[in-house]
Structures are given as C-alpha cells and as structure tokens.
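A.B. asks: next come a sequence and a model predicted from it.
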Amino acid sequence: MTRGCTSIVAPGLAMLLPVAAGAGQVVGVTVTPHIMAPSMRYSRSRGGGPAARVQLFVKGPAMPGRFAGKTPAELLKSGDWAWHDTGAAVQAPVGALCVWTFNGKSERWSVGQAFSMEGDGLPATRVAIDAPLRWMSAVTFLASDGSASPDTLVVHMANEGSDPVTVTGLRLWLPRAGGGWQTLWPQKPVPVALRVPARDKGVVVKRLGRLPLTYCAVELTTSAGPLWAHLRIKREAFDISGGWVGDNVTKEPYLRLLSHLHVNTGHLGATPGYTDNPDLYRRFPLKLFNKLDPLATFDTDAWLPNIHAVEWLGEPQYGGGRPVPPQDVFDQLLPYRQARLATTVTHSEERIWRWYAGLSDYPHYDSYRVVAPSADQWRLYDRWGGKRLRWGAPLETIGDMCRSLRELNRPAPCAYWSQGPHDGWDGFDGRARRSPTPEELRSQAMHGLATRITSIYWFNLSLKSLMAFPDTWDAMTRIGREIRMLDDLYLTGDAYRFERLALPDGSPDWDLASIAAPDAALLFALDTRYVPDPKANVFQFGPPRTASFRFALPSRLRKPLDLFRVDADGIHPARWSATAAGVEITDERSQDGIYIATRDRNLRTKLEAKRLKAIAHEEAHPIGIAALKALLGPAKRD
C-alpha cells in the first residue's frame, strides 16, 4: 500500500483505483431490490421488470458526476432512473459523510448489474448492484417520555446468509447544529454485543439521548462488514387517523365519536374553530396530517407533538389522470428535508409504485377490496372456484400490498389507509351494500396490521359515512382498542415470517404472519377460507373450525415462557407447544386469531392494564346518537 493512500472494501463495491488521503470515497452501498406482488392482477402491463433503489454513502469531499457514463438528467430522460437526489448533493468536508440515492427504473439498474461512477473528488469506482445478504430491515426511533424528540433507537437486522454474523457496534451520523441535512458527522460509537444466526433476525435497542428531527445515517459494524441505512429521525407513534373529518371537526358530538373510536389523528391542517380553540383542541386533540404550510408556522416546538406527517400531494401515481413523475414528487418534497416535519406520500398502485420507492419518510397506500375504485382488475382473480367478482377482490391482497410497500421502502416504517364506512361509491354490479361489512372491514385492517404497519388511517370517517353505516363502529372501536393494547409491540417489532396455507385442493385456508419485538412476538392467524355470499354479494366467514398453526420464532424468543391469545375482550389461554423452530398452536377460530409468545412473564398484566385504559377512554367519550343525528340534519350533508 502506498503511503498516504487507503483502500476500502464494502459490500457490493469494488474500487478500481487507490484513494488518496483527503479525497472522497464510497464507504458503503445499500441495495434495496424492487419487488412486485405476484398475487396482484392488472389489465395493464407492470411496465417492465424490477430494478433497485441504491444508496451510496460517500465520505469526504466529492460530488456526483456520471453513472455508467451518463448524467442523472440523461438517465431520467432515457427512463433508466425513476428519481434521484444527486441534484441536492453538497460536498462534504473531510471526515463527514453524504448519501446519494437513486431509484432505478429499467432492468439496466436491476440486481445483478454493475455500473461505473465518476465525480469530482471521487476516484473511478465500480459498483455492483448485488442482492443483499444482510440489511437493516427496520429502524425505529422512539421517545421514552412520549415527547416529539426521540431518545431510543431500535434496529432490526436480517441475516439471510449461510453463516452467523456478530454485530459489535452502532453509530449514528448526524448534521451539526446549524448545518444542512445532507452533511453528516460521525457520533460516538455505541458498543453492541449481538449474534444473529444464519437466516434469522436480530435486534438492537439503545437509549442514545435526545435526537434531532433530521436525516441521519445508521452504521452497524458487523463481522461481515458494515451495514448502512439513511432515513429521517422521526418519533414513531401508532396513530389512528380518519379521512374527511374536517367538515365537522368543530362539533363536540362528532369529536367524541372519533375519540371513542380511538382516532387521534385527522387528515386536516389548521382548522378555524378547532385548532385555534384551545379548550376544544385540548379536550379532543387530533394530530395534523396535511400540507402544513407555511413551514415556519408548523415547524415549531409547540406544534411538533401534534403533527403526524406532511401529506398534500394527493395520489401522485394518478395525478388527476396524468401521473406525477417520481422526480417531480422528490422536488416538491425537497423543501421539507431541511425542516423537522416528516413527509408521507399516498401510493395508489402496486403495479408501478416501486418507481416511487424511498421518496418520503413515512410511505403509505390506499387500496380497498369491496365496492371501491381500484387499480387492479377484480374480475381477473380466480379465487373462488371459477367465480369471478366485480364487487370485490381477495381481502388478503391487502397484506400482499403492505409487504410490497414495506420491502420497497425499508427500513422506514409504513402506514396504510384501511377501508372504512364510506358512503358514496356506486356502480358495482350485484351488491346492494356500498361499504364493507364489519367482518370485511376487520379482515382488511388485520391483514394490514399483521405486516407491521405503524399507523392506520380509516377511509373515511365523515359524519355522513359514519351515520350511514353505524354497524361498523364497534368493529373500528375493537380494532382501536387492540392497537392501543399492542402498540408497543408494533413499534418495537419487525415483520418476521409470512406463510400462506392452502387446503389439499389448493383453495385458501389461513395466512400466518408474525412480528418479532425484542421480548415478544405477535402471531397472526388470518382466515382466508371466506366465500362470497351468492345472494347478498358480501364476503362471509364460516363458523370456528379446529386449526393448527406453526409459527417460526427468532432464536432469542424460542422456548417462550408464556403464550396466550389476545383480543379486545381480554387475555385468553391457548393450547400450544414449543417446536425446534418456534411454537405450534391448536385452536378453534374463524376470521382471525392474535397470539403472543413472550419471554416476559409480566406481559399479560401489562397488556391487560392497557386494555382497561383503552376501555376507560371509550367510556369517557360516550357516543351521543341524538346529537350526531342533529348535526347531520335533515339534508344529510357532511
């Protein structure tokens, strides 16, 4: 080695030339392959094969130039890239780090390919777009005191390699006070002692002190080389939101109903008569979830605890009939990167949402499975013995889409718009009810929750829709109560395993999904043996049936000390036995079953206390039917 030069080895990266001291160098590459849910059915092409999202961690003074001999602008124009952030890049000082991201669109930028990279201050570099064997699958920031600024970091690491991996350190790279969000400086390394077996997952939980609400790089030191992630620091909380709540949000009877449903967030911004009414807003607070402009008004210490996220682009994949290009979405969200407010984008169509992967801090999607407009073609699903439906689609595809969005945007958390009691959808032949039944509503929500979303949004909770379908209120209340019981497990957990079970003839039976938290695992059995009622044209679930569910568990949770079933009514015993890889549960269920396997003998008591607290909240906000009817009025307007 020549004195004054260094060489680096990073996963997926090979240097062509030595690196002069003080020059820029690529110290890490993170590849997130595009995926497409094979269960989804469309009448249009998926627009080519999958590519990959690539993050380049560049240390020292360097600026991006050409990639495979072309500029980012040329790659956008040719359709090779969907979006990139190199136009916002700044040159980092010596010792600091910048992250350059691009999201491929053509197969030239898919797993298995490689590209040359040139830039000012950067030696000629060749980067392989390799399928990762190890990655950070979930990175979550939590606040131990519930404040807006987090102080705790939870990192889940996936090891799909054939050998165990030891994690020895964790380090954050953060902007300096008064500096820009792009320039990241190394913080003091935190020691870690974690062994992640082959084809398993491990978790690191560290209290780090108060963290700024900005972008960071997370570096894990492992025996297989460093792992990197780049994302916004946002305090994660499980929020339950509603669409179309703004028209009556100044009215106490309506706010009381929302609170009874455990709704703590609304798709609204500053609202005269509500957010500027201190007494009303204190008694019925809803976090804001809208454009939140101007930034100077909302990016304040006073507002931050009451903000869910910035969402104002609508559904850019549709764009009112003309899709908004992903690069335009990045450009419109760019001003928020310097602020402390997390952004979110409503994804609409799994067919192409891989092109929009990574654009926002907290992605979510909306797609509904009965009597609703949809991007997929419902009559193409051959799901019920040859019977094709125009009024509904397989409920379990909600989980398929959630998993797709999660894997495309990892390690960032995701949310989901779940189908609620919307009044107004027309044109679906053969079905009189223009909204989900309580069972259909619950099934869709549970398929989403089982994938480890960290917020749920009901579409919609307008007064008109709620009053049109009051039979859905109890279902939403029970789901909300269960979320309040289990929110710590959702927030600290990570999706672990998924399995789709079928009967001997190939017809659906159960979906099994798990979420692994540090000391417990949430285990979901979701009934897929429902059928379309031939007269009412609604999905119906059969009576409880005997079933055996085998769940794999991460090595740290095998041989649990306790296992039980939970629902809104309480904690229930379960018949179970330990297996070499996890547990086997025998039960009589239909619709769904939620089980918890844990090493914490006190978890039952903790969950019951949270359930009773949720019930007390419901009782403190009784529903006033007469007052709600009076608000609706004879014209039945929102």
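C.D. replies: That came in fine, so what should we check first?
A.B. asks: export the helix or strand hosting residue 170 as CSV, just CAs?
C.D. replies: Residue 170 is part of strand 165-174 when elements are defined by DSSP states H and E. Output of strand 165-174 as CSV, limited to C-alpha atoms (Å, rounded to 0.1, in the frame of the first residue of the first chain):
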residue,chain,number,x,y,z
VAL,A,165,-23.0,-12.6,12.0
THR,A,166,-21.8,-10.8,15.0
VAL,A,167,-22.7,-7.1,15.5
THR,A,168,-20.2,-5.2,17.6
GLY,A,169,-21.1,-1.6,17.2
LEU,A,170,-23.6,1.0,16.2
ARG,A,171,-23.0,4.6,15.2
LEU,A,172,-25.2,7.5,14.0
TRP,A,173,-24.1,10.1,11.6
LEU,A,174,-25.9,13.4,12.2
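A.B. asks: now it: buried residues?
C.D. replies: Across strand 165-174, burial judged by 16 or more other CB atoms under 10 Å covers 165, 167, 170, 171, 172, 173, 174. The way it works is simple: take the backbone N, C-alpha and C, and place the C-beta from them, glycine included.
A.B. asks: how confident is the prediction for the second one, by pLDDT?
C.D. replies: Put plainly, it is residue 167. At residue 167, the pLDDT value in this model is 98.
A.B. asks: that one against residue 196, yeah?
C.D. replies: Yes - between residue 167 and residue 196 there is a contact under CB atoms under 8 Å: 6.7 Å.
A.B. asks: show me where the stretch 351-500 of the chain has strands.
C.D. replies: 364-365, 416-419, 455-459, 494-502 (DSSP state E, counting those that start in this stretch).
A.B. asks: an error on my part: the question was meant for the stretch 501-638 of the chain.
C.D. replies: 508-516, 520-527, 531-532, 539-540, 545-552, 562-567, 570-573, 575-578, 582-589, 592-598.
A.B. asks: so which of the strands of the stretch 351-500 of the chain gets nearest residue 407?
C.D. replies: strand 494-502 (8.9 Å; CB to CB).
A.B. asks: how far away is residue 99 from residue 175?
C.D. replies: From residue 99 over to residue 175 the distance is 12 Å, taken as CB to CB, to the nearest Å.
A.B. asks: so what sits against both of those two?
C.D. replies: 182, 184 (CB atoms under 8 Å, 6 or more residues apart in numbering).
A.B. asks: higher neighbour count, the two?
C.D. replies: residue 99 (23 against 18; other CB atoms under 10 Å).
A.B. asks: look up which helix or strand the nearest residue in space to the more buried one that is not next to it in sequence falls in, please.
C.D. replies: Leaving aside its sequence neighbours, residue 99 sits nearest to residue 230 (CB to CB, 6 or more residues apart in numbering; 4.4 Å). Element membership for residue 230 (DSSP H and E) is strand 227-232.
A.B. asks: follow-up on the earlier one: mean pLDDT, distance to residue 576 and mean neighbour count added to the strands of the stretch 351-500 of the chain, as a markdown table?
C.D. replies: Shown next, in a markdown table, are these (pLDDT from 0 to 100; distance: least, CB to CB, whole Å; neighbours: other CB atoms under 10 Å):
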| stretch | mean pLDDT | distance to residue 576 | mean neighbour count |
| --- | --- | --- | --- |
| strand 364-365 | 98 | 34 | 24 |
| strand 416-419 | 98 | 29 | 26 |
| strand 455-459 | 98 | 28 | 26 |
| strand 494-502 | 98 | 17 | 19 |
